[in-house]
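Asks: sequence? don't have it. structure:
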């Protein structure tokens, strides 16, 4: 009975999650109309570490507080009943028939130690929780890898199919594509620079189910660890009646690996309230309810381990920051989305969930690899050649769960510079080759064009005078949106390039006095 | 004149002769026949669009029962209508209605935008206005471009949007605004919106390319939206002080004449644009406005 209700809840929340994921896409208006970051907002681990690392309270995280509070009363219902990644693990695990158990005893402690590591590092202003946080990990993996691959797979499959010389196939494929584009597929094929790597990582995490059911949740998930700690004295609890003869029928079904067969050694902090033990018990000796006897095994992590994990967390802070990006020179390619906080504060908040990259209407926001040092791995960077920042779009700031990208009004956004375009006169057609071209000026979106044209007479290849318009960038008007670089017809290396210099969020990375 | 065109002209001429004068609001079929252009002025974009088309002989003269019509506005940019960077949505919506009133089976509206298509369609107001009138709005899809032969002087072939060529009738609805290379963007320039591939390169030899495109895509009607025109910082705009309210819509079948007329709205000579001069020389149309019968009306 509990199991059926749980399965229904899991299905419902997974569908809700996927629905919100699909809605994380512009439909043309400047508002999405759906609370697409709902799951991230409800994540107590992200909330706690973001508050620690940024030293500020985030109002959007009241929901996370509610989940934490509910966990104190109800236990780890989130893992068993809600978490979409947990549900995917259930699905992946269902494909495995037989397991050879090779997991060392005590591995369940790993996730607590990881949690200690993350809490210690965030207390010292490092925010890398999102790398491990299940919701952040899931959204990032889906956005940057699974969904792009899905779209590519479906469209190219139908494309190949429609070229088969079978009558009726082409219109059928066309019809199906038309339907898929209405709600499932993205208007533009999403493409991300590290899609392959992130996809392999994600598949690896799912494949861990091959070793152990819900391996990730049992041994690695730091959110699970946090919820486990919170749930240790929860009111909703499992109890086993005298009828239990320790037959062990409940063991194979137990999702958390929490020793259900033993009333004394049962690890309450590992219980997802999945209800499988209740279902499996031939004696009907298991029941869940409030006010039951709350005796359970202590959570013994070992003092040395905890201290070591905390020390490692603290040590990680300087270790991740001794790269050259710490020397004050901003990476010229590090163009952050509009509304991003100053780089240090930005890194203290960004959880690399990928929401901004998913929602970016041109696909220009890409996961950083080295541009922001290891600390900023997978944080968003605008790559103008891939996609530019649409002048009147403010969606990335709307979906950012931690305020690393501030929410801007369109009016505010018009004044925000994210970089600066500069012309390479050695490559620019009118400058270097006497050929007419004004594309950068044409597409420049600022109300008074930031690309100015100057009519000059140059010589063509025969030495004859020819009048061309040479573009120049107005350093004050340019906002660094990157559409000029994006559309520059000079291929290879474009003749106009946007670099991070001039960004309004930085006091130092500027060319001109403000 | 190829066979198809001959048949069309013959059908149109025959129909307008056979039909009673009540199709034409001024009651003189013969007078309408001779008109080269109608320019309508007035405060309501919808009203002047309807009045201009009616004075030009009515939409039935151009669109037949069962036709699939493509209406090609300029939806290039993510701008709201008051910035005059995109075609006026009311003008587009009214044209859609007129086509359906004339018996069109389907009216398609699309453009190969420069800004992100979803934003451009929505923010320009065209998605809502044309959609409300019953048009089929679609985003341009890569797979619907085909490399096509162009009998041009400069362009020999280019990936063009197949839906344009599959339609029975095409109505070009540009907005009038300034542009860095072509000086103005009007009707012929609007054909860039059916081009695929790396179309930024067109700017290197813009005028002959535009004429080649005008040779390839022959519209049934050109409706120039000059309700608001953009006089500086085009084609994107973004500053209301660069927008002039003209309250004007013009209708013609002659692409060259229409662009020549558009130039005059900016205080330029009728032959100011390179594409107009080249188009005139190539015999695509007549840029000499003084030699044309242009009817000006208030609505």
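Replies: Ah, there it is. Note that the structure is predicted; figures quoted are calculated from it, not measured. Residues are numbered from 1 along each chain as shown, chains lettered A, B, ... in the order given.
Asks: can you give me the helices in the stretch 51-200 of chain A?
Replies: Using DSSP state H, counting those that start in this stretch, the helices of the stretch 51-200 of chain A run over A:62-74, A:77, A:84-94, A:109-123, A:129-132, A:134-141, A:147-162, A:169-183, A:195-207.
Asks: need the residues that contact the longest one.
Replies: By that I understand helix A:147-162. Contact with helix A:147-162 is made by A:21, A:169-170, A:172-174, A:176-177, A:180, A:185-186, A:189-192, A:195, A:199, A:358, B:143, as judged by C-beta atoms under 8 Å, 6 or more residues apart in numbering or on different chains. C-betas here are computed from N, CA, C, even on glycine.
Asks: go on, the fourth one?
Replies: Surrounding helix A:109-123, the residues in contact under the criterion C-beta under 8 Å, 6+ apart are A:45, A:48-50, A:52-53, A:128-129, A:132, A:218-222, A:224-226, A:228-229, A:299, A:301-302, A:305-306, A:308-314, A:316-317.
Asks: give me the mean pLDDT for that helix.
Replies: The pLDDT scores in helix A:109-123 average 96.
Asks: list only those of the contacts of helix A:109-123 flagged as buried.
Replies: In the contacts of helix A:109-123, burial by neighbour count holds for A:45, A:48-50, A:52-53, A:128-129, A:132, A:218-222, A:224-226, A:228, A:299, A:301, A:305-306, A:309-310, A:312-314, A:316-317, counting by 16 or more other C-beta atoms under 10 Å in any protein chain shown.
Asks: so which of the contacts of helix A:109-123 reach chain B?
Replies: Among those, not one lies near chain B by C-beta under 8 Å from any C-beta of the partner chain.
Asks: one step back: restricted to helices, list the buried ones among the contacts of helix A:109-123.
Replies: Within the buried ones among the contacts of helix A:109-123, residues falling in helices by DSSP state H are A:45, A:48-50, A:52-53, A:129, A:132, A:222, A:224-226, A:228, A:305-306, A:309-310, A:312-314, A:316-317.
Asks: about what we covered before: just name the most buried of the helices of the stretch 51-200 of chain A.
Replies: Most buried of the helices of the stretch 51-200 of chain A by mean neighbour count (mean count of other C-beta atoms under 10 Å in any protein chain shown) is helix A:134-141; its value is a mean of 26.
Asks: so which residues on the stretch 151-299 of chain B come close to chain A?
Replies: B:179-181, B:198, B:200-201, B:203-206, B:233, B:235-239, B:242.
Asks: the residue in the stretch 51-200 of chain A that chain B sits nearest to: neighbour count?
Replies: Nearest residue of the stretch 51-200 of chain A to chain B, counting by C-beta to the nearest C-beta: residue A:187, 6.0 Å away. When neighbours are defined as other C-beta atoms under 10 Å in any protein chain shown, residue A:187 has 16 of them.
Asks: wait, isn't it in contact with residue B:138?
Replies: No - assessed by C-beta atoms under 8 Å, residue A:187 is found out of contact with residue B:138, at 10.9 Å.
Asks: so which of the residues of the stretch 151-299 of chain B next to chain A sit within helices?
Replies: Mapping these onto helices (DSSP H) picks out residue B:206.
Asks: buried subset of the residues of the stretch 151-299 of chain B next to chain A?
Replies: B:179-181, B:200, B:203-206, B:233, B:235-238, B:242.
Asks: tell me which helix or strand the closest residue to chain A within chain B sits in.
Replies: Distances between chain B and chain A by C-beta to the nearest C-beta are smallest at residue B:122, namely 2.8 Å. Under DSSP states H and E, the secondary-structure element containing residue B:122 is helix B:117-123.
Asks: any idea of the mean pLDDT in that helix?
Replies: What helix B:117-123 shows for mean pLDDT is 96.
Asks: can you check stretch B:35-54 too?
Replies: For stretch B:35-54, mean pLDDT rounds to 97.
Asks: buried stuff in it?
Replies: The neighbour-count check on stretch B:35-54 (16+ other C-beta under 10 Å) flags B:35-42, B:45-46, B:48-54 as buried.
Asks: over to stretch A:443-462?
Replies: Neighbour-count burial for stretch A:443-462 [16+ other C-beta under 10 Å]: A:443, A:444, A:445, A:446, A:447, A:449, A:450, A:451, A:453, A:458.
Asks: could you dump these to a markdown table with distance to chain B and pLDDT?
Replies: Converted to a markdown table, the buried residues of stretch A:443-462 look like this (distance: C-beta to the nearest C-beta, whole Å; pLDDT from 0 to 100):
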| residue | distance to chain B | pLDDT |
| --- | --- | --- |
| A:443 | 6 | 96 |
| A:444 | 7 | 97 |
| A:445 | 5 | 96 |
| A:446 | 7 | 96 |
| A:447 | 4 | 95 |
| A:449 | 5 | 96 |
| A:450 | 10 | 97 |
| A:451 | 9 | 97 |
| A:453 | 6 | 95 |
| A:458 | 14 | 93 |
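Asks: can you give me the strands for the chain?
Replies: Since you didn't name a chain, this refers to chain A. Under the criterion DSSP state E, strands of chain A are mapped to A:236-240, A:286-290, A:365-367, A:380-382, A:420-423, A:451-459, A:465-473, A:496-499.
Asks: should've been chain B
Replies: With strands called from DSSP E, chain B shows them at B:37-41, B:68-73, B:106-109, B:136-137, B:145-149, B:157-161, B:169-173, B:175-179, B:183-185, B:221-230, B:243-252, B:294-298.
Asks: worst mean pLDDT among the ones you listed?
Replies: Ranked by mean pLDDT, the strands of chain B bottom out at strand B:183-185, with a mean of 91.
Asks: any idea how far that one is from the chain center?
Replies: The chain centre lies 14 Å from the centre of strand B:183-185; the measure is C-alpha atoms, centre = their mean, to the nearest Å.
Asks: which strands or helices does it pack on?
Replies: Here strand B:183-185 touches strand B:175-179, helix B:255-265, going by 3 or more C-beta pairs under 8 Å, 6 or more residues apart in numbering or on different chains; DSSP states H and E.
Asks: how does it look with 7 Å?
Replies: Secondary-structure packing of strand B:183-185 (3 or more C-beta pairs under 7 Å, 6 or more residues apart in numbering or on different chains; DSSP states H and E): strand B:175-179.
Asks: run the angle between the strand it packs on and strand B:221-230 for me.
Replies: Strand B:175-179 runs at 60 degrees relative to strand B:221-230, counting by axes from the mean of the first three to the mean of the last three C-alpha atoms, to 10 degrees.
Asks: partners of strand B:175-179 in the sheet?
Replies: Strands adjacent to strand B:175-179 in the sheet, as given by DSSP bridges, are strand B:183-185 (antiparallel), strand B:221-230 (parallel).
Asks: highest mean neighbour count out of those strands?
Replies: Most buried of the strands paired with strand B:175-179, by mean neighbour count (mean count of other C-beta under 10 Å): strand B:221-230, with a mean of 27.
Asks: start and end of stretch A:28-47, how far apart?
Replies: Distance across stretch A:28-47, first residue to last, is 31 Å (C-alpha to C-alpha, to the nearest Å).
Asks: got the buried residues for it?
Replies: Across stretch A:28-47, burial judged by 16+ other C-beta under 10 Å covers A:28, A:30, A:32, A:36-37, A:39-47.
Asks: what lies in contact with it?
Replies: Residues from elsewhere that reach stretch A:28-47 (C-beta atoms under 7 Å, 6 or more residues apart in numbering or on different chains): A:17, A:20, A:23-24, A:58, A:60-61, A:63-65, A:67-68, A:129-130, A:133, A:135-136, A:222-223, A:226, A:351, A:353, A:355, A:392-395, A:398-399, A:401, A:410, B:118-119, B:121-123, B:127.
Asks: okay, which residue is most central for chain B?
Replies: Central residue of chain B (C-alpha atoms, centre = their mean): residue B:172, 2.3 Å from the mean position.
Asks: identify the residues contacting the closest residue to it other than its chain neighbours.
Replies: Nearest non-adjacent residue to residue B:172, counting by C-beta to C-beta, 6 or more residues apart in numbering or on different chains: residue B:219, 4.2 Å away. Each residue near residue B:219 by C-beta under 7 Å, 6+ apart is listed here: B:170, B:171, B:172, B:255.
Asks: quick revisit: closest one of the buried residues of stretch A:28-47 to residue B:282?
Replies: Residue B:282 has its nearest neighbour among those in residue A:28, at 39.0 Å by C-beta to C-beta.
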